[in-house]
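[1] here is the input, now give the coordinates:
(chains A and B)
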Amino acid sequence: MSSSSILLIEDDLNVYHGIQRKLKSAGYDTFYAPDAIASVSQARLHRPDLILLDLGLPAGDGFVVIDRLRGLAELSAIPIVVLSGRDRGVNEMRAMRAGVAAYLQKPVSGALLLDTIARHIGKPQPSKAPSTYSIGANLSSSLHKTVNRATSDDDVPVYEWQDYAQST
Amino acid sequence: MNGRIMPKVLNQAETSSHGRQMEAIGQLAAGIAHEINTPTQYVSDNAVFLRESWTVIERIVSVAARVNEEWKRGALSVRTREELGQCFAGTDIDYLANEIPRAIDETFEGARQVARIVRAMNEFAHRPSVMKCPSDLHHAIESTITVARNEWKYVARMETSFDPNMPLVPCLLDQINQVVLNLIINAAHSIGEIIGDGSRGLGTIRIKTEYLDEWASIYISDTGAGIPEQIRSRVFEPFFTTKPLGKGTGQGLSLAHAVVVDRHGGKLGFDSEVGKGTTFYIKLPVKLSGEN
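    Numbers count the residues shown, from 1 in each chain, chains lettered A, B, ... in the order given. A predicted model of the protein is given here:
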C-alpha cells in the first residue's frame, strides 16, 4: 500500500512550498498544479487521495476546477478541501454546494489543516511516514498532541472551520 | 502675474474625490486582505518548519560539541560516536540543507510582500491633493498596480514600460491614481470576458508611459474583448456601463474624464479593436497653462 497522496492546486509557489513541507513532515506525498489547466491533468496522472484547492487561480478559478473534477467519473470521488485566502461568506457557500469536503481559510494552522485532511483520508500509514526524516518522525509522534492544542500554541490563529463530508 | 502660476485650490465638491478614493480602497479591501493572507500563510508555515528543524539540529549540535570535547581530551567514547551516528541516521540532512535556506528566503520574501502591499496602500490612499503637486507618475502607477493586483493577476500578466525621461508631473495625484485604478480594473474585466474557462491562458495588460513635447502620457492596453463600435461614443457618459450588475457603476470613465480633461487640462481617449483589445491613454500637460 502506498502512502496517501495529496494534490495541491495553488498558484503561489511559496505557499506551495510551505504546505508541502508540512505535509511531507506528516508523511503525505504531494503533487503540484499551479493553475486550473494543469490541475485536471495532474489529478488524472497521480490519482491523489485528496485535493487541496486554492480558489484564486490564473486562467480559470477554483470553481472551474471543481466543476471539471466533478464532471470526470474517475476523479469525482476524490475529496476536495478548499484552502483559500478569499473571504468565506459566499465563496464557502458556493464551494459547499459544489460538493467540496471542507473549506479552510488562509492563513490556516498546520494542526487544523492536518486534522481536516486526516478526517477525510486518514493519517499516513506509519510504515510510509518518511523514514529518514526525523522532523517527520517527531511530528508524527506529536501530531495528536499538536492537534489537541490547536488553539493554544499553534503557528497561526485557528479559524472556524466546517466539514461538509458525511461522517460515515 | 509674471509667469507665476497660482495653484488652483479645489473646492469642497472636488475634494470629495477622497471619499471616492476611500470607497475604491474599500472595494479593493477583500483583494488586499487576500494578498496579505497569502504570505501570512507561508511565513507561518516556514516558521513552524524552522522550529521543528531546529529541534533536530540542536540535538546534532549538542552531540557534536560533546564529540569535540571528548576528542580534545583524547577520550572520544564509543557511546558518543554512536549517538552522533544515530542523529544522522534518523535525519535527511540533504533535505534540511536544501529546505532551511529556502524557507528562510521565502519568509523574508513574505515579509517584503506584506510591507510592499501596506506601503502601496498608504501611497494609493494618500491624503487628498488640494493643489497640483509635482508627482512621480511611475511610482504612483506601481503602487496602484500593487493594490489592484488581486483584480488582475488571475486574468492577465502585467507588463510595464516606463519612459526614463519622464519628469515630475504636476497633478492631483490621488485623483490620477484613481483614474489609473479604474482603467486597470476595466482592462482586467475586459480580458476576463474573453478568457472564459481559462483554457486559452492569461491575457496581458501593458502600461506604458511616454514624455513627449511637454506632455506626459500613460497608455493602458489590454488584450480583452474591445469596445464595440456602436457604444464608443457613449463610454464617457455618466452611469453608462456594459458590465454585469455588481461589476461596475458606470461612473469610472466619466469620473476619469472629469479628472483628466476638466481638472488637468489633459486628454483622455482610447483606441479599440473588437476581439483584439483596447488602449486607453491619459495625457497630462507637464507645464501648467501660463507657465513658461
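
[2] low-confidence ranges, chain A, go.
    Applying pLDDT under 70 to chain A picks out residues A:1-2, A:59, A:125-168.

[3] where along it do the strands fall?
    Assigned by DSSP state E, chain A shows strands spanning A:5-9, A:29-33, A:50-53, A:80-84, A:102-105, A:162-163.

[4] how about these in CSV, adding distance to chain B and mean neighbour count?
    Glycine gets a C-beta too; all of them are placed from N, C-alpha and C. Output for those, formatted as CSV (distance: least, CB to the nearest CB, whole Å; neighbours: other CB atoms under 10 Å in any protein chain shown):
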stretch, distance to chain B, mean neighbour count
strand A:5-9, 12, 24
strand A:29-33, 13, 19
strand A:50-53, 12, 25
strand A:80-84, 8, 25
strand A:102-105, 8, 23
strand A:162-163, 18, 14
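
[5] what about stretch A:99-109, how long is it end to end?
    Terminal residues of stretch A:99-109 lie 23 Å apart, using CA to CA, to the nearest Å.

[6] report the contact partners of the most centrally placed residue in chain A.
    For chain A, the residue nearest the mean C-alpha position is A:Leu52 (3.3 Å; CA atoms, centre = their mean). Going by CB atoms under 8 Å, 6 or more residues apart in numbering or on different chains, A:Leu52 touches A:6-10, A:19, A:81, A:83, A:117.

[7] of these, closest to B:Ile207?
    A:Glu10 (27.4 Å; CB to CB).

[8] that closest one: neighbouring residues, count only.
    30 (other CB atoms under 10 Å in any protein chain shown).

[9] go on, B:Thr55?
    12.

[10] now do the SS call for it.
    In three-state terms, and counting by DSSP: H, G, I helix; E, B strand; the rest coil, B:Thr55 is helix.

[11] distance of the residue in chain A that chain B sits nearest to from A:Leu104?
    Going by CB to the nearest CB, chain B is nearest to A:Gly60 of chain A, at 2.6 Å. Computed as CB to CB, to the nearest Å, the A:Gly60 to A:Leu104 distance reads 21 Å.

[12] same question, B:Thr91
    Distance of B:Thr91 to A:Leu104, given as CB to CB: 30 Å.

[13] likewise for B:Ser53?
    24 Å.

[14] list the buried residues for stretch B:219-228?
    B:219-227 (16 or more other CB atoms under 10 Å in any protein chain shown).

[15] any idea how many residues pack against B:Pro134?
    Neighbours around B:Pro134, by other CB under 10 Å: 11.

[16] and it, what does it touch?
    B:167-170.

[17] next step: those restricted to strands.
    Per DSSP E, the contacts of B:Pro134 map to strands at B:169-170.

[18] intersect the contacts of B:Pro134 with the contacts of chain A.
    Among these, no residue is within reach of chain A (CB under 8 Å from any CB of the partner chain).

[19] among the contacts of B:Pro134, which ones are buried?
    Buried, going by 16+ other CB under 10 Å: B:169-170, out of the contacts of B:Pro134.

[20] columns pLDDT and distance to B:Lys132 on top of the contacts of B:Pro134, output as a markdown table?
    Listed next are the contacts of B:Pro134 as a markdown table, based on pLDDT from 0 to 100; distance: CB to CB, whole Å:
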| residue | pLDDT | distance to B:Lys132 |
| --- | --- | --- |
| B:Pro167 | 96 | 14 |
| B:Leu168 | 96 | 11 |
| B:Val169 | 96 | 9 |
| B:Pro170 | 94 | 4 |
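
[21] pick the one among the contacts of B:Pro134 closest to chain A.
    The closest of the contacts of B:Pro134, once distances to chain A are taken by CB to the nearest CB, is B:Val169, at 33.3 Å.

[22] in the sheet, which residues pair with B:Ser272? Tell me.
    With DSSP bridges applied, B:Ser272 shows beta-bridge pairing to B:Thr278.

[23] how many neighbouring residues does it have?
    That count, for B:Ser272 with other CB under 10 Å as the rule, works out to 19.

[24] if I pick it, what's in contact with it?
    B:Ser272 neighbours (CB under 8 Å, 6+ apart): B:226-227, B:232, B:278-279.

[25] roughly how far does it sit from B:Gly226?
    From B:Ser272 to B:Gly226 the distance is 5 Å (CB to CB).

[26] now the common contact residues for the two.
    In terms of CB under 8 Å, 6+ apart, B:Ser272 and B:Gly226 are both contacted by the residues B:Thr278.

[27] assign the closest residue to B:His139 other than its chain neighbours to helix, strand or coil.
    Once flanking residues are discounted, B:His139 sits nearest to B:Glu123: 7.4 Å by CB to CB, 6 or more residues apart in numbering or on different chains. State at B:Glu123, reduced to three classes by three-state DSSP: helix.
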